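>>> Sharing a model prediction with you, sequence too.
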Amino acid sequence: MTTVQNAIPNAEAGSRGLDSAALRAAIQAEYELVAREPQRGFHFITGRPLAALLGYQEAWLAGIPEANLASFAGTGNPFTLGTIQPGERVVDVGSGAGLDSLIAARMTGPTGQVIGVDMTPAMLEKATEGAAQARVNNVTFRAGYAEALPVETGWADVIISNGVLNLMPDKSAALREMARVLRPGGRLQIGDILVQKPVPEDARADISLWTG
Amino acid sequence: MVTAAGFVGFEITSRHDVFSGAARASDAAEFGTLGINFRARRYASEAEWAAELAALNCEIPPR
């Protein structure tokens, strides 16, 4: 992981005064808790109640291991933005416990492939176990960062991501990396957050506000 | 930012409150934070992207 972290382009290009390495460590610690203790309760809604709130269809959730669903922590629903077609290649950036990756894998079917990328080892472990339990064979989970995706250039037909871009100190770098991985004409389908009021510079450097 | 990164057709399709009712208090409401869905496409040609960039009426950060 250290090698990948050092390779991130413009990793320090976020808000002035923001310690990107400390931010990344804080986010990893928060989401390790979401993976290991989803019942703990967080400053965001999680699990099945969140999936219902965001319009996830029950048919999509059928057969998904409850442990993976319990650690779902998105902010939107990438599948309302376009249908994943059979045979498509999908990258899930910040795949977390794997809910969206597993749904996408079923949508694209045996002729398609899904790669989930996440920086939190506990999430990668949980997502991999969930895929095995659900007997979904066309998804793999890889360790990496949104700013340096471990995916071949032009590989993906679709990139999905859910509640992750807002956690990136350098959002432009992450978006450029998504553009690199998509084939020309490929689709970006993102759930994230929108801040409607200006955030002061000192608040942007406050890591507790990024994670809570 | 999305267009500058290499995309066209950026569109926010929905906004929703995903923080009210969370188990722990959040600072999200202070900044009017909402969950959103948005989509875009990787440009199919340099010409398509150039046209999209030209249509933006704002300064684009350097790549």
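Done, it's in. Since we're looking at a predicted model, the values are computed, not measured. Residues are numbered from 1 along each chain as shown, chains lettered A, B, ... in the order given.

>>> Can you tell me the SS state at A:I45?
Three-state assignment for A:I45 (DSSP: H, G, I helix; E, B strand; the rest coil): coil.

>>> In chain A, what residue lies closest to chain B?
Per Cβ to the nearest Cβ, A:G41 is where chain A lies closest to chain B, at 2.8 Å. To be clear about C-beta, it is placed using only N, CA and C from the backbone, and glycine gets the same treatment.

>>> could you measure that residue against A:A179, distance?
37 Å (Cβ to Cβ, to the nearest Å).

>>> the more surrounded of those two?
The neighbour count for A:G41 versus A:A179, taken as other Cβ atoms under 10 Å in any protein chain shown, is higher for A:A179 (22 against 12).

>>> do you know how far the residue nearest the centre of chain A is from A:G163?
The C-alpha lying nearest the average C-alpha coordinate of chain A belongs to A:G94 (Cα atoms, centre = their mean; 2.2 Å). To A:G163, A:G94 is 7 Å away according to Cβ to Cβ.

>>> same deal with A:S172?
For A:S172 relative to A:G163 (Cβ to Cβ), the value is 18 Å.

>>> more crowded one of the two?
Taking neighbours as other Cβ under 10 Å, A:S172 and A:G163 compare with A:G163 leading, 22 against 19.

>>> hang on, isn't that one packed against A:F72?
No: the criterion here is Cβ atoms under 8 Å, and A:G163 misses it with A:F72 at 9.5 Å.

>>> sorry, back to before: now the residue nearest to the centre of chain A, nearest residue through space, not along the chain?
A:V164 (3.0 Å; Cβ to Cβ, 6 or more residues apart in numbering or on different chains).

>>> what about the one you found, neighbour count?
Around A:V164 there are 26 residues (other Cβ under 10 Å).

>>> tell me the contacts of A:G96?
In this structure, A:G96 makes contact with A:Y31, A:V34, A:A35, A:S71, A:F72, A:A73, A:G74, A:D118, A:T120, A:M123, A:A127, A:N162, judged by Cβ atoms under 8 Å, 6 or more residues apart in numbering or on different chains.

>>> shaky segments in chain A?
Under the criterion pLDDT under 70, the flagged ranges of chain A are A:1-17, A:203-212.

>>> What segments of it are strands?
In chain A, the segments counted as strands under DSSP state E are A:89-93, A:113-118, A:139-143, A:156-162, A:182-195.

>>> Start and end of stretch A:58-75, how far apart?
In terms of Cα to Cα, to the nearest Å, the two terminal residues of stretch A:58-75 are separated by 18 Å.

>>> buried stuff in that stretch?
Within stretch A:58-75, the residues scored as buried using 16 or more other Cβ atoms under 10 Å in any protein chain shown are A:W60, A:L61, A:I64, A:P65, A:N68, A:L69, A:A70, A:S71, A:F72, A:A73, A:G74, A:T75.

>>> What about chain B: which of these touch it?
The subset of those within reach of chain B, by Cβ under 8 Å from any Cβ of the partner chain, is A:T75.

>>> now, the most widely separated pair of the buried residues of stretch A:58-75?
Within the buried residues of stretch A:58-75, A:P65 and A:T75 form the most distant pair, 21.9 Å apart (Cβ to Cβ).

>>> ranges for the helices of chain B?
All helices of chain B, identified by DSSP state H, fall at B:46-55.
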